[in-house]
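>>> starting from these lines, generate the structure:
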Amino acid sequence: MKQTILAAAVAGLVLALAPAAQAMEFVSIGDPKNPDDKTPRGAYGGVPYEYRIGKCEVMIAEWQKSGLGDGDEAEWKKSVGPGAPVVNVSWHEAAQFANWMTTKYGGGNPYYKDDGSGKMSIPAEGGKPISHYDWAVTKGKGTTYFVPTENEWFKAAYYDPDKGDRGGYWVFPTGSDALPSATSGGTDKGKAVFYFQTQPCRCDNAGGLSPYGTMAQGGNVWEWTEAPSVRGGAYNNRDRRMRSNYRWGAGPHLEGKDYGFRLSEVGPVPAGEVGPDVADEVGPVPVAKAAPVVADDDAEPGRPFLPPAPEGDKWVLVWSDEFNGKKIDPAKWEIQGDWKRRGGYWVKSDSYLDGEGHLVLRTRRQDDKFTCGAINTKGKYERRFGYFVCRVKFPKEPGHWPAFWLNGEGVGGASNKEPGGRDGTEIDIFEKPYRDGRINHALHWDGFGKGHKMAAKHLIEVPGLEEGWHTVGMRWEPDEYVFYLDGKETWRTRAGGVTQVKMYIKLTVEIGSWAGNIKTAKLPDEFLVDYVRVFDLASREK
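Residues are numbered from 1 along each chain as shown. So this is what the prediction gives:
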């Protein structure tokens, strides 16, 4: 699907006369007792009381006034400025900031409970969480600041009391069902900071507004809700992360350089301004000159975690599959099966798209046998050199393992005549038989008989590897392989002599004891793939 995106931000900026941020601005969310929006992932958005929510995400400058954190929350201060969103914040830290705001600017009765180690929890009575309204109003605790409930966040983003005769929900948090235009900064209606921008924008210059007047509930950075979950997508995501039907139930300890938050406020409306005054630090909002609109196939990819390109060169996207649509694209992929494979069977029906932009390779039990999925691009797309990357969510159960790898006829076939890997090397960009934070990179050459040789790199105790989405990539140059996990280099090698022949892409799941006992697994289990992309240097493509 073609998307229309803005070209990179123009160099010249004009300082607008818009006022600088002075204190936190909250917008009122009325229309209590509105109905839920029934999405494929649940019903959300119904809130029986009035409340207020931050117009913008919490800024670095605001966060730093609290004295919380360890310093990495200011990830974007140097490149964007103190008005950039605070990031690398866990749910627990967002709750700590809400308590600080309540103590300093609210009723003085913080909502979240601290166990003394910084781990926060929601207060309860009779085994049920105390609602924000009951805490601030019914119990008379006064104006209180919260990490928004998922319903509070959802309503502020997608609900429009003026839609139709009775109000309703939009698909995007820009007051529309139409895809927003991507921008690297600005407040024009219908725009958002997304589609593989290289960094977020300052919080008060991050796109058009929702019907209630909030900014950047789509794009810029993911935002915590009290569920806990994160919503809204980020600067480095595609449009579907901003849609109302997309959510991720993230663990409360997770952090990332695209994880931020905003606050909600319940109780009596405070007199005057609330929140730290950061006007002098943040300064006026810069407004970029209009940038030309270009098609994405003419635009620089601009996605994060591309390896550094040589001076004067750049990466260009040469092939990809985003797994949109309802069926695996037969022009790109061959579905493997139906036949025996290791301790199980590759079965075609276990490779499919979920309709939400993901490839699913499923593992399941059918009577007395175990089956799984696999696809490859053999005879459809083969190349040598470039940067190969995929974004994946790993399966949870033992006994089967996912892999992203390159293979070719020269690896073990008749064309493999020279010693060493230059005439063909199996490149396992990753295999993950482990369920304890490890992942494996490997190379195999000189066939799979007595002459077989290999080299491998095992990663141990990678934080958060078992949860959420991860990118795994490999840069293949004529004289070197470089492997990456979530944008960080993990292995650099020339083992076997770097292969010089074209290879095809494989995405597979295999069943075997290397990954544990499949008979103990709770099946079905899934290996999800968000995308596969291949980049090459512009100079080499010429």
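>>> tell me which element the residue nearest to residue 315 when sequence neighbours are not counted is part of?
Residue nearest to residue 315 in three dimensions, not counting chain neighbours: residue 535, with 4.4 Å by Cβ to Cβ, 6 or more residues apart in numbering. To be clear about C-beta, it is placed using only N, CA and C from the backbone, and glycine gets the same treatment. According to DSSP states H and E, residue 535 maps onto strand 525-537.
>>> which residue ranges of the protein form helices?
Assigned by DSSP state H, the helices in the chain fall at 60-66, 91-105, 132-133, 150-158, 279-282, 538-541.
>>> out of the ones you listed, which is the most enclosed?
helix 150-158 (a mean of 26; mean count of other Cβ atoms under 10 Å).
>>> tell me what that one is packed against?
For helix 150-158, the packing partners by 3 or more Cβ pairs under 8 Å, 6 or more residues apart in numbering; DSSP states H and E come out as strand 26-29, strand 42-44, strand 51-54, strand 222-225, strand 229-231.
>>> what about 6 Å?
Contact here means 3 or more Cβ pairs under 6 Å, 6 or more residues apart in numbering; DSSP states H and E; on that basis helix 150-158 packs against strand 42-44.
>>> got any ranges where the stretch 1-150 of the chain has weak pLDDT?
In the prediction, the stretch 1-150 of the chain carries residues with pLDDT under 70 at positions 1-23.
>>> any chance you could map the strands in it?
Taking DSSP state E, counting those that start in this stretch as the test, the strands found in the stretch 1-150 of the chain are 4-6, 13-15, 26-29, 37-39, 42-44, 51-54, 113-114, 120-121, 124-125, 128-129, 144-146.
>>> neighbours of the residue nearest to residue 315, how many?
Here the count is done by other Cβ atoms under 10 Å, and residue 535 has 24 residues near it.
>>> same thing with residue 525?
Applying other Cβ under 10 Å, we find 20 other residues in the vicinity of residue 525.
>>> pretty sure it is touching residue 399, no?
No. Contact criterion Cβ atoms under 6 Å: residue 525 and residue 399 do not qualify, at 8.9 Å.
>>> before we move on, the earlier item: residue 166: which of the helices of the chain is closest?
helix 150-158 (14.7 Å; Cβ to Cβ).
>>> quick one: the closest one to chain centroid distance?
20 Å (Cα atoms, centre = their mean, to the nearest Å).
>>> walk me through the domains of this structure.
The chain breaks down into these domains under automatic domain parsing: 4-10+21-293, 315-541.
>>> got those domains as JSON lines, with distance to residue 306 columns?
JSON lines is the format used below for these (distance: least, Cβ to Cβ, whole Å):
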{"stretch": "domain 4-10+21-293", "distance to residue 306": "9"}
{"stretch": "domain 315-541", "distance to residue 306": "5"}
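>>> how much space separates the residue nearest to residue 77 when sequence neighbours are not counted from residue 508?
Spatial nearest neighbour of residue 77, excluding adjacent residues (Cβ to Cβ, 6+ apart): residue 60 at 5.2 Å. As for residue 60, its distance to residue 508 is 43 Å (criterion: Cβ to Cβ, to the nearest Å).
>>> ok, residue 338 next?
Distance of residue 338 to residue 508, computed by Cβ to Cβ: 14 Å.
>>> show me where pLDDT drops low in this protein?
For the chain, the stretches with pLDDT under 70 are 1-23, 196, 271-273, 286-304, 412-418, 459-461, 542.
>>> could you give the bridge partners of the residue nearest to residue 315?
Under DSSP bridges, the beta-bridge partners of residue 535 are residue 317, residue 387.
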